[in-house]
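Trainee: Fold the following and give me the result.
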Amino acid sequence: MFYHPRPRRSLANGIIALLCACLLSAPAKADSPGNSTPRKIVIIGSSIAWGYGATTRSNSWAGLYADYLKSLNPGNSVTNLAVGGYSTPKLMPTGTGREDPQHNITAAIAAHPDAILMSLTSNDAGQKIPLSLTESNFTTIMHTAAAAGIPIWITTTVPVGVGGKPEYELQTKTMQWIRQTYPKNSINFWSALANPDGTVDHQYNFGDGVHPNDAGHSRLFNRVAHSGLLESLYVPPAISSVATSATTNTATITWTTDKPATSTVSYGPTPAYGSTTSSATLTGSHILTLTGLAPQTWYHFHAGSADLSGNTATSADLAFQTSR
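Mentor: This is a model prediction of the structure:
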C-alpha cells in the first residue's frame, strides 16, 4: 500500500479537482446493466491487477471496478486472485509445471464465476519469456476457460520505461498479438497509459516506469467498465443453423450457438409440444436425438439453449416429418 502526501489547495481548486476526478473515474451507468441478476467476476494476473502504484487497493482499477459493479447491483462481486510478479507460467492450468494452483486459471474456474478477467501487463517481457511461449501460454489459458464454458477477457500489456529496447519491443508485440487474436474480448490498457509514440505517459505513472498511479489506475478502470464485459453476461446465446434428420422412429436435431450453452429440444405433434429432451453439457455445437416417435408423423419442435449465467434462448417453432 502506498501513500503520497498532497499539497493543500484552495476550496475552489479542491472542488474543481473533485469534479474532474468524478468525470474521469465514473463511466455512464447507461453503459452497464443494473438491478439484474448478480454476476461474479474473478481477476487473475499480476501487480497492476493487484493494485500496485495506487495509494490504496481501493483506488486501483480492480478496486474501482468492484465498487462500480456493486453500485449497479449489491449482489455483484469481484474476486481478485492477482499476485505481484506473476507471468503466464504461473497462471497455466494445474498440472502443467510452474503454476500457482491457488491463483491460476484452474483456481479461477473453481470459484464458479460468470466471467474471468486476465491481466498480465509486463512480467513476461520483464522475465524475458519468448513471445512464442507467451502466446502459447495465453492460448492455453483462454482455451481452458472456454472449455469450462466461462467467458474470459484479457487486458493488453502496458508501455514500460525500464528494461530497454528488447523489453519494450516484446511488450509492443504482445499487445499487438492480444488485440489481433482476441479483438472482441480484449481490453486496451496500452493506449490508456502511453504517449502517442508508445512511450510511458509519466503523468499516469507511479514513478517506477511500470505501475500506474491513481490517475492511471482510474483510466484503466474506465477501459474495463466500458469494455462490454458485464453487458455480455446478460446476452442470451444466439441460436442458428437449426437442422433435422428424421427416420421412422427417431429424429436428430442440430444447431449452433455463439457461446457455450446447454441443449434442450421441446417437441410434440402440436405446437404445445409435451415432450422434452436435454443435455447439460455446455457447447457451441448442439445435437440431440429424439426417440420413440411415430412413423410418418409431423412433429413440432423448438431448440433451446442456456449459457453459464442462465441466459436462455429458443428457436422459432419448427417441424419435421418421420418416414414410413
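
Trainee: distance of residue 161 from residue 65?
Mentor: Per CB to CB, to the nearest Å, residue 161 is found 25 Å from residue 65. Glycine gets a C-beta too; all of them are placed from N, C-alpha and C.

Trainee: which of these two has more neighbours?
Mentor: Counting neighbours by other CB atoms under 10 Å for residue 161 and for residue 65 shows that residue 65 has the greater number, 26 against 15.

Trainee: Distance check, residue 109 against residue 150.
Mentor: 6 Å.

Trainee: okay, and the common contacts of the two?
Mentor: By CB atoms under 8 Å, 6 or more residues apart in numbering, residue 109 and residue 150 have these common neighbours: residue 116.

Trainee: Which parts of the stretch 1-150 of the chain are helices?
Mentor: 11-25, 47-50, 61-72, 88-91, 105-110, 123-126, 131-147 (DSSP state H, counting those that start in this stretch).

Trainee: now the ones you listed in TSV, with distance to residue 154 and mean pLDDT?
Mentor: Formatted as TSV, the helices of the stretch 1-150 of the chain follow (distance: least, CB to CB, whole Å; pLDDT from 0 to 100):
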stretch	distance to residue 154	mean pLDDT
helix 11-25	23	39
helix 47-50	11	98
helix 61-72	14	97
helix 88-91	11	98
helix 105-110	12	98
helix 123-126	13	92
helix 131-147	7	96
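
Trainee: Residue 36: which of the ones you listed is closest?
Mentor: helix 61-72 (8.2 Å; CB to CB).

Trainee: what helices or strands is that closest one leaning on?
Mentor: In terms of contacts (3 or more CB pairs under 8 Å, 6 or more residues apart in numbering; DSSP states H and E), helix 61-72 is packed against helix 47-50, strand 77-80, helix 214-225.

Trainee: chain center to the longest one: distance?
Mentor: Between the centre of helix 214-225 and the centre of its chain there are 17 Å (CA atoms, centre = their mean, to the nearest Å).

Trainee: For stretch 313-323, measure first residue to last.
Mentor: End-to-end distance of stretch 313-323 (CA to CA, to the nearest Å): 29 Å.

Trainee: Now that stretch: average pLDDT?
Mentor: Across stretch 313-323, pLDDT averages out at 97.

Trainee: which residues touch it?
Mentor: 236-239, 242, 244, 246-251, 255, 257, 261, 271, 293-306.

Trainee: Just the ones of these in strands?
Mentor: 239, 242, 244, 246, 251, 255, 257, 261, 298-306 (DSSP state E).

Trainee: Filter those residues down to the buried ones and hand me the PyMOL line.
Mentor: Buried subset of those, written as a PyMOL selection, criterion 16 or more other CB atoms under 10 Å:
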select buried, resi 239+242+244+246+251+255+257+261+299+300+301+302+303+304+305+306
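
Trainee: what's the nearest residue to residue 255 if we skip its chain neighbours?
Mentor: Nearest in space to residue 255, with sequence neighbours left out and distances taken as CB to CB, 6 or more residues apart in numbering, is residue 242 at 4.3 Å.

Trainee: Tally up the residues packed near the closest residue to residue 74 other than its chain neighbours, please.
Mentor: Excluding the flanking residues, the one nearest residue 74 by CB to CB, 6+ apart is residue 38, at 8.0 Å. Number of residues near residue 38 (other CB under 10 Å) recorded here: 13.

Trainee: quick one: the residue nearest to residue 198 when sequence neighbours are not counted from residue 232, how far?
Mentor: Nearest residue to residue 198, sequence neighbours excluded (CB to CB, 6+ apart): residue 159, at 5.9 Å. From residue 159 across to residue 232, the span is 27 Å (CB to CB).

Trainee: Look at those two and report which has more neighbours.
Mentor: Per other CB under 10 Å, whichever of residue 159 and residue 232 has more neighbours is residue 159, with 25 against 18.

Trainee: Low-confidence ranges, the stretch 101-250 of the chain, go.
Mentor: For the stretch 101-250 of the chain, applying pLDDT under 70 flags no range at all.
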